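1. Here's a sequence, model it:
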Amino acid sequence: MKTVNSLSGGKTSSYMAVHYPADYNIFALVRTNDKGCLFKDDKVRQIVSDRIGAEFIGTLEQDEIIYTMLELEQYIGKDIIWVSPKTFEEVIENHSTATKTYLPNVMQRFCTVDMKITPIKNWLYENTELPVVMRMGFRANETSRATRMISRQREDGIEWDKFIVGKRGTRNKWGELPYRAVEFPLISDGIYKDHIENYWSDKNVRFAYMNNCVGCFHRNELLLKLMSDKEPSKFDWFINQEKGGAQFKKETTYAKIKSHKSQIDIFDNDFNECDSGYCGI
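-> I've put the predicted structure just below:
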């Protein structure tokens, strides 16, 4: 089976790309068509547009993630495949009706499915022979996340999934196919966060403060407030999506979060993986 490294743009999956070479390295880019989140570097913006085969205006992650992926590719000396078939606005529109807007939340994570899981899955279906071995960048202290993923596999160690395999008239014809076996090389080799931080401390690859969407609803309010200070324009995008009455978080609105008083002396270690917006794919 072909091997695949699923890359998020963070230090952990980037470490995996360096130390565990694969046949394919794949990165799913979260895009927006909001020019308030415009990626300022015209040359790099065109490079990204060419990579994904669609117009790239901006991302709802921190802009550094774009440089991360370009610099990581140079560092490992191997192509990274970028996928991004839909913008976040298109994803929301596809799940909404003419009278009601639906936003993703902790119970319905369709943003992760539509912008990360499905694009990677479809690219592999169209370009490789399934099943594949997909490596996930889970660290040695994240065994519970790995256990959840392993539980989806059948007795033969393969996870099956649904794919569009043809047409029945004008409707999609779906079929269930063997998709992937998952591996967790960092868990197997006992790699923790300190190993990864030490490795990247003197390398010429820049990283965002945190990867994943600036306003990821998995993050707690304290971290979201911090991100609203760091990335006000991008955070405003999330506020604007809630103006129709729908909310990303049941207990509060993003406008209220932004209005909170900023906290002093916030450190990275104050947040765990779920607070940081980790989305297992």
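
2. buried residues in the helix or strand that contains residue 74?
-> Assigned by DSSP states H and E, residue 74 belongs to helix 64-76. Buried residues in helix 64-76, counted by 16 or more other CB atoms under 10 Å: 64, 65, 66, 67, 68, 69, 70, 71, 72, 73, 76. Yep, even glycine has a C-beta here, placed from its N, CA and C like the rest.

3. Pull the number of nearby residues for the residue lying closest to residue 67 once chain neighbours are set aside.
-> Spatial nearest neighbour of residue 67, excluding adjacent residues (CB to CB, 6 or more residues apart in numbering): residue 206 at 5.3 Å. Neighbourhood size, residue 206 [other CB atoms under 10 Å]: 13.

4. thinking again about what came up before, can you lay out the buried residues of helix 64-76 as TSV showing pLDDT and distance to residue 2?
-> TSV is the format used below for the buried residues of helix 64-76 (pLDDT from 0 to 100; distance: CB to CB, whole Å):
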residue	pLDDT	distance to residue 2
64	97	30
65	97	25
66	98	26
67	98	28
68	98	24
69	98	21
70	98	24
71	98	25
72	98	20
73	98	19
76	98	17
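
5. Turn these into a markdown table, columns for distance to residue 224.
-> Compiled in a markdown table, those are given as follows (distance: CB to CB, whole Å):
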| residue | distance to residue 224 |
| --- | --- |
| 64 | 18 |
| 65 | 18 |
| 66 | 22 |
| 67 | 24 |
| 68 | 22 |
| 69 | 24 |
| 70 | 28 |
| 71 | 28 |
| 72 | 27 |
| 73 | 31 |
| 76 | 32 |
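
6. where does residue 108 land in three-state SS?
-> The three-state label given to residue 108 by DSSP: H, G, I helix; E, B strand; the rest coil is coil.

7. and it, what does it touch?
-> residue 102 (CB atoms under 8 Å, 6 or more residues apart in numbering).

8. Next one, pLDDT for it please.
-> For residue 108, the pLDDT comes out at 92.

9. Distance check, it against residue 91.
-> Remark: distance between residue 108 and residue 91 (CB to CB, to the nearest Å) = 12 Å.

10. Also residue 19?
-> Taken as CB to CB, the span from residue 19 to residue 91 is 33 Å.

11. These two - which one has more neighbours?
-> residue 91 (19 against 15).

12. Buried ones in the strand or helix carrying the more buried one, by neighbour count?
-> Per DSSP H and E: residue 91 is located in helix 88-95. Neighbour-count burial for helix 88-95, counted by 16+ other CB under 10 Å, picks out 88, 91, 92.

13. Now do the contacts for the closest residue to the first one other than its chain neighbours.
-> Among residues not flanking residue 88 along the chain, residue 32 sits closest, at 5.4 Å (CB to CB, 6+ apart). For residue 32, the contacting residues are 57, 58, 59, 60, 87, 88, 89, 237, taking CB under 8 Å, 6+ apart as the criterion.

14. Relative to the centre of this protein, find the outermost residue for me.
-> residue 169 (33.9 Å; CA atoms, centre = their mean).

15. Can you give me the distance of that one to residue 181?
-> With CB to CB as the criterion, residue 169 and residue 181 are 35 Å apart.

16. Lovely, talk soon.
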